[in-house]
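> mind folding the following:
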Amino acid sequence: MCGYVSIYYKNNNRKFDIKKLTEKINHRGPDHTGIHKEDNIEFAFKILSIMDLENGSQPLKKDDKTIVFNGEIYNHEQLRNDLIKNGYKFNTKCDTEVLLSSYTEYKEECLNKLRGMFSFIVYDKSENKLFGARDHFGIKPLYYIDEKDFIVFSSEYKAIIELLNEVNLNKSSLQKYMYFQYIPLEETMISNIKVVPPGYFFTVENGKLDMKKYYNIHLKRSRKITSKDIKDVVTSSVKHHMVANVEVGTFLSGGIDSTIVASLASKINPNIKSFSVGFGVNGYDELEVAKKTADKLGIENISINVSQDEYIKALPKVIYHLDDPVADPSQVGIYFLSKEAKKHVTVVLSGEGADELFGGYNIYKEYKSIKPIFNMPNSMKSILNTASTIMSNIKGKNYLYRATTPLEKRYIGNAKIFDDNEIKKVLKFYNKVDNHENLLANIYSDAKNNNYDYVTTMQHIDINTWLEGDILQKADKISMAQSIELRVPFLDKEVLEVAKNLNLNQKVNFKNTKILLREDFKDEIPQHMVKKKKLGFPTPIRVWLKEDLGDVVRQSINEAQVDDLINKDYVIKLLDNHIQGYDDNSRKIWSIYVFCLWHQIFIENRDIVY
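Numbers count the residues shown, from 1 in each chain. From the prediction side, this is the model:
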């Protein structure tokens, strides 16, 4: 929908051109720029018009309060009606005014009433303070810098990075990135730039920033659910997410999640357009499946094929738009998909979040296979674990290790790239404090305190790391890079309230994932999709690294000024071994390459964004 910058001057000494800062995020809102300055507060807003096109401009001032808001409040009509009963009057039809009036009426308790995706900041003149918040899942981003003379917030940190006296790399974040392929939790790759965490609100009073958590994503079961419960809540969410005064489309891959969304959306709008992307490489292209699905649903499908050359040329721009490095190869596909969709629509629906909430990742199936060993006495498991560490690389070694090693010792989410021993070879520094066990200790403790089972614990880790750090980062940043709003109906707090009650057998079995979700929608979606296994977003970097892409990666790693951080000899050896077919090092190489490219853009200030 938009992007904004907010500055709080601690000494009222204004020294920044806030309008100029927002030029860096013009892509988030090319339709209009709004500026508001009052007391020691400045707001600058870039809007992408979606709701109440005539009256939806921001910053919005009402009585003694002013707001900037990025996102959508899907239950704003219900909230509006409740507020009208309490005597409120409205000048617009937009959800921004509803949100501001909700804060006026309920203060911080308004957050518990919101159904949507959002980051927002309110200047409350009567109390002389800022109040802001980020949505429950972290769908919409918000960064901040807290310095001696000012506190600044922004939807993307590229807009505010120049306000730092020095731009320094956060070495702790780099080590974490090498584990995860993204930077988890509250830090960024830049020292002194931080992230407002999902489910948090904050206040700024008398120059002091204070943050508090208002929402915990819990997966503790509280009741039995039926197929009707899931179908009703997902259908309701898709309906809410389609409300807009502009045309809404839908992404359509070869997976069941986007198929469910497209199917439900097509019942609301039979003329909805769907968009799909492929790469023209065998085994990495689901365009045929997507086209078959669209035909069965009777909706238009617009598909594109991305060549290796196009992929390579787009990489610097994609990394730039992400702010922090995220080494997920699929984000380039999303970039081209969003670029094509923008030619036709302003809003798109997508299937993110279904895997985390309904048990969709293939790795969740491992519990079914390792259960016989997992339930053995600890003494026996210890012996088998020792055996797994001294075995040669034969079939069964990895199985034995996983079955006898506690999750907290090995599972960090969907994308573990390097282990500790490898990180010590890749990086020229290592800090035990920053290892993944310490980083995830509180999240694992929370899972234990809630008595989560094996699979629910894995979901809990993914929701609190992978979902925000990878999935939602690329979803928001890459779609907004093309001035298009991406909405995620599965990531709705009402959907979560139902999905958290799934039992183990309703999530996974030996053969498949998302068991009950598939069962519930088997009559709503084309039959070829009902039992189709999850493939993720297949991207052929494994193949392309042995071709032209490998040359580009080698050159970038060699040229990046990271010799004091990265052991380049070791990294180039990983690349050579991959090219020669000895090992599949594609994800490891990719993570290092993306960091090097990011370093050239944000630290070295090289002009490589075409």
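> so where do the helices sit in the stretch 501-610 of the chain?
With DSSP state H, counting those that start in this stretch as the criterion, the stretch 501-610 of the chain has helices at 515-520, 541-544, 548-559, 568-579, 586-602.
> buried set for the worst-scoring helix or strand of the chain on mean pLDDT?
When the helices and strands of the chain are scored by mean pLDDT, DSSP states H and E, helix 378-390 comes last with a mean of 79. Buried residues in helix 378-390, counted by 16 or more other CB atoms under 10 Å: 381, 385, 388. The C-beta positions use only the backbone N, C-alpha and C, and glycine is treated the same way.
> for residue 13, which non-adjacent residue is closest in space?
Using CB to CB, 6 or more residues apart in numbering and skipping the chain neighbours, the partner closest in space to residue 13 is residue 149 (6.5 Å).
> is the one you found in contact with residue 14, as I believe?
No: in this structure residue 149 lies outside contact range of residue 14 using CB atoms under 8 Å: 10.2 Å.
> and residue 530, what's its pLDDT?
Looking at residue 530, its pLDDT is 84.
> distance of the residue nearest to it when sequence neighbours are not counted from residue 260?
Of all residues not flanking residue 530 in the chain, residue 522 sits nearest, at 4.8 Å (CB to CB, 6+ apart). From residue 522 over to residue 260 the distance is 10 Å, taken as CB to CB, to the nearest Å.
> before we move on, the earlier item: what's the distance between the residue nearest to residue 530 and residue 252?
Taken as CB to CB, the span from residue 522 to residue 252 is 18 Å.
> between these two, which one's more packed in?
residue 252 (35 against 13; other CB atoms under 10 Å).
> chain neighbours aside, what residue packs nearest to that one?
Counting by CB to CB, 6+ apart, the residue nearest residue 252 is residue 274, at 4.0 Å.
> buried ones in the helix or strand hosting residue 37, by neighbour count?
If you go by DSSP states H and E, residue 37 is part of strand 32-38. Neighbour-count burial for strand 32-38, counted by 16+ other CB under 10 Å, picks out 33, 34, 36.
> next: stretch 497-508.
Residues of stretch 497-508 classed as buried by neighbour count (16+ other CB under 10 Å): 498, 499, 500, 501, 502, 504, 506, 507, 508.
> which one of the residues you listed is nearest residue 570?
The nearest member of the buried residues of stretch 497-508 to residue 570, counting by CB to CB, is residue 508 at 37.1 Å.
> that closest one contacts residue 369, doesn't it?
No: here residue 508 lies out of contact with residue 369, judged by CB under 8 Å, at a distance of 10.5 Å.
> check the secondary structure at residue 43 for me.
strand (DSSP: H, G, I helix; E, B strand; the rest coil).
> quick one, what contacts it?
4-6, 18, 34-37, 58-59, 66, 68, 121, 123 (CB atoms under 8 Å, 6 or more residues apart in numbering).
> try residue 426
Going by CB under 8 Å, 6+ apart, the list of residues near residue 426 reads 178, 418, 566, 567, 570, 571, 592.
> and the pLDDT for it?
In this prediction residue 426 is given a pLDDT of 98.
> how close does it get to residue 349?
Taken as CB to CB, the span from residue 426 to residue 349 is 39 Å.
> take the buried residues of stretch 497-508 and lay them out in a markdown table including distance to residue 359.
Listed next are the buried residues of stretch 497-508 as a markdown table, based on distance: CB to CB, whole Å:
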| residue | distance to residue 359 |
| --- | --- |
| 498 | 13 |
| 499 | 9 |
| 500 | 11 |
| 501 | 12 |
| 502 | 7 |
| 504 | 8 |
| 506 | 8 |
| 507 | 3 |
| 508 | 5 |
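> could you say what helices and strands the helix or strand that contains residue 121 packs with?
If you go by DSSP H and E, residue 121 is part of strand 116-124. For strand 116-124, the elements it packs on are strand 41-47, strand 65-73, helix 95-106, strand 129-134, judged by 3 or more CB pairs under 8 Å, 6 or more residues apart in numbering; DSSP states H and E.
> coming back round to it: of the helices of the stretch 501-610 of the chain, which stretch is the most buried?
Highest mean neighbour count among these (mean count of other CB atoms under 10 Å): helix 586-602, with a mean of 23.
> before we move on, the earlier item: okay, angle between the strand holding residue 37 and strand 65-73 too, please.
150 degrees (axes from the mean of the first three to the mean of the last three CA atoms, to 10 degrees).
> packing partners for strand 32-38?
By 3+ CB pairs under 8 Å, 6+ apart, strand 32-38 packs against helix 18-22, strand 41-47.
> so what touches it?
Applying CB under 8 Å, 6+ apart, the contact partners of strand 32-38 are 14, 18-19, 22, 42-47, 49, 57-59, 61, 66, 123, 125.
> do stretch 169-183 as well
By CB under 8 Å, 6+ apart, stretch 169-183 touches 184, 187-191, 324-328, 412-413, 415-418, 423, 426-427, 429-431, 434-436, 439, 465-466, 469-470, 473, 565, 587, 591, 595, 599, 603.
> and it, what's buried?
Under 16+ other CB under 10 Å, the buried positions of stretch 169-183 are 169-183.
> and stretch 14-25, by the same measure?
Applying 16+ other CB under 10 Å to stretch 14-25 flags 16, 18, 21, 22, 24, 25 as buried.
> who's in contact with the residue sitting nearest the centre point of the chain?
Closest to where the C-alpha atoms of the chain average out (CA atoms, centre = their mean) is residue 472, at 1.3 Å. Neighbouring residues of residue 472 by CB under 8 Å, 6+ apart: 137, 138, 139, 352, 488, 491.
> can you pull the pLDDT of it?
With respect to pLDDT, residue 472 scores 97.
> are any of the contacts of strand 32-38 buried, and which?
The neighbour count (16+ other CB under 10 Å) marks 18, 22, 42-47, 49, 57-59, 66, 123 as buried among the contacts of strand 32-38.
> so which of those is the closest to residue 342?
residue 49 (13.9 Å).
> Validate this expectation: that closest one resides in a helix.
No: per three-state DSSP, residue 49 lies outside any helix segment and is coil.
> surely it and residue 246 touch.
Yes: when contacts are counted by CB under 8 Å, residue 49 is listed as touching residue 246 (7.3 Å).
> residues touching residue 571, list them.
Contacts here follow CB under 8 Å, 6+ apart; on that basis residue 571 touches 426, 557, 589, 592.
> using CSV, write down the CA coordinates of the least confident helix or strand of the chain.
Taking Å, rounded to 0.1, in the frame of the first residue of the first chain, the C-alpha atoms of helix 378-390 are listed here in CSV:
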residue,chain,number,x,y,z
ASN,A,378,18.2,-41.9,26.1
SER,A,379,21.1,-44.3,26.8
MET,A,380,20.5,-46.2,23.6
LYS,A,381,20.0,-43.0,21.6
SER,A,382,23.3,-41.7,22.9
ILE,A,383,25.1,-44.8,21.6
LEU,A,384,23.5,-44.5,18.2
ASN,A,385,24.2,-40.8,18.0
THR,A,386,27.9,-41.4,18.6
ALA,A,387,27.8,-44.1,15.9
SER,A,388,26.3,-41.6,13.4
THR,A,389,29.2,-39.2,14.0
ILE,A,390,31.9,-41.7,13.2
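> got the contact list for it?
373, 374, 376, 397, 400, 401, 403, 404, 405.
> could you give the number of residues near residue 238?
24.
> same check, this time on residue 166
Counted with other CB under 10 Å, residues neighbouring residue 166 total 6.
> let's verify it: helix, strand, or coil?
Classification of residue 166 using three-state DSSP returns coil.
> mind pulling up the pLDDT for it?
pLDDT, read off for residue 166, is 93.
> what's the answer for residue 52, then?
For residue 52, pLDDT reads 55.
> kindly report the same for residue 13.
84.
> measure it to residue 533 for me?
Computed as CB to CB, the residue 13 to residue 533 distance reads 60 Å.
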